[in-house]
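*Asks:* Based on what follows, work out the 3D shape:
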Amino acid sequence: QWEVLRHLLGSKKEGSQTEVCKEVEKGQAITKLLLNNVRDVVEQIKQGKHDELKRELQALVLQSNQLQSSLEVTLKIDDAFVLPDDESANAIYRCAQETITNSLRHSDATRLTLAISKKENSLILDFYDNGKSIGELVAGQGLIGMRERFDYLQADFSIVEKNNGFRIAAKIPLRSYSLA
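*Replies:* Reported below is the predicted structural model:
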């Protein structure tokens, strides 16, 4: 930008400062328009990832509900949900799979809710069932894998087992993408 401005200033005769200012303003307007276009494209890409993950989770829940009748799985996704990257999508999907599997295999739950929302600059996962306590919780490969995925995302992650159910909670920080 400075090179263009210097060229314009050097090529204009005295008294034509107004023309230079008009050219600079025109360049700034074009730059602003292009930057807004890039931001719109990035937002559309993010929205596409959100829609893709949402469809994948809906299919997972539908398949789970069709293949068995002992556990009713419900998906709740907040309208404000934003997905920043593929690693987050993978972690969320794998966590949902493992949670369904664990609820079916270990807890004798009849209801499982997979809730995803956005709060401030974080995604909030709250996956919980109404199953029975199985005693001391021993983390197998599935829970260990979940923890590793969320650690990689620098997310807060917790597993809580109580007499009235099992809960997996995660708070994934949204990464900011600055184009300015």
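*Asks:* Can you tell me how far Pro173 is from Ile124?
*Replies:* Applying CB to CB, to the nearest Å, the value for Pro173 to Ile124 is 11 Å. The C-beta positions use only the backbone N, C-alpha and C, and glycine is treated the same way.
*Asks:* Pull out the buried residues from stretch 108-117.
*Replies:* Ala109, Leu112, Thr113, Leu114, Ile116 (16 or more other CB atoms under 10 Å).
*Asks:* Can I get stretch 140-150 in CSV? Just the C-alpha atoms.
*Replies:* The C-alpha coordinates for stretch 140-150 follow below in CSV (Å, rounded to 0.1, in the frame of the first residue of the first chain):
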residue,chain,number,x,y,z
GLY,A,140,-11.1,-47.4,29.7
GLN,A,141,-9.7,-46.5,26.3
GLY,A,142,-12.8,-44.6,25.3
LEU,A,143,-12.7,-42.2,28.2
ILE,A,144,-8.9,-41.9,28.0
GLY,A,145,-9.2,-41.0,24.3
MET,A,146,-11.8,-38.4,25.1
ARG,A,147,-9.6,-36.8,27.7
GLU,A,148,-6.7,-36.7,25.3
ARG,A,149,-8.7,-35.1,22.6
PHE,A,150,-10.0,-32.4,24.9
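*Asks:* And Pro173 and Ile124? Which one has more around it.
*Replies:* Legend: neighbour count by other CB atoms under 10 Å for Pro173 and Ile124, higher for Ile124 (18 against 15).
*Asks:* And for the helix or strand hosting the more buried one, what's in contact with it?
*Replies:* Under the criterion of DSSP states H and E, Ile124 resides in strand 122-129. Strand 122-129 has contacts (CB atoms under 8 Å, 6 or more residues apart in numbering) with 71, 81-83, 88, 92, 95-96, 99, 103, 107, 109, 111-118, 165-174.
*Asks:* can you check stretch 90-106 too?
*Replies:* With CB under 8 Å, 6+ apart, stretch 90-106 has contacts from 53, 56-57, 60, 64, 68, 70-71, 73, 109, 112, 114, 116, 123, 125, 127, 129, 131, 134, 142-143, 145-146, 149-150, 152-153, 155, 166, 168, 170, 172.
*Asks:* Just these: which are in strands?
*Replies:* Under the assignment DSSP state E, the contacts of stretch 90-106 contribute Val73, Leu112, Leu114, Ile116, Leu123, Leu125, Phe127, Asp129, Phe166, Ile168, Ala170, Ile172 to strands.
*Asks:* As CSV, those with pLDDT and distance to Val160 would be great.
*Replies:* Formatted as CSV, the ones in strands among the contacts of stretch 90-106 follow (pLDDT from 0 to 100; distance: CB to CB, whole Å):
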residue, pLDDT, distance to Val160
Val73, 94, 19
Leu112, 94, 15
Leu114, 96, 16
Ile116, 93, 18
Leu123, 90, 19
Leu125, 93, 13
Phe127, 94, 11
Asp129, 93, 11
Phe166, 86, 7
Ile168, 90, 8
Ala170, 94, 12
Ile172, 91, 18
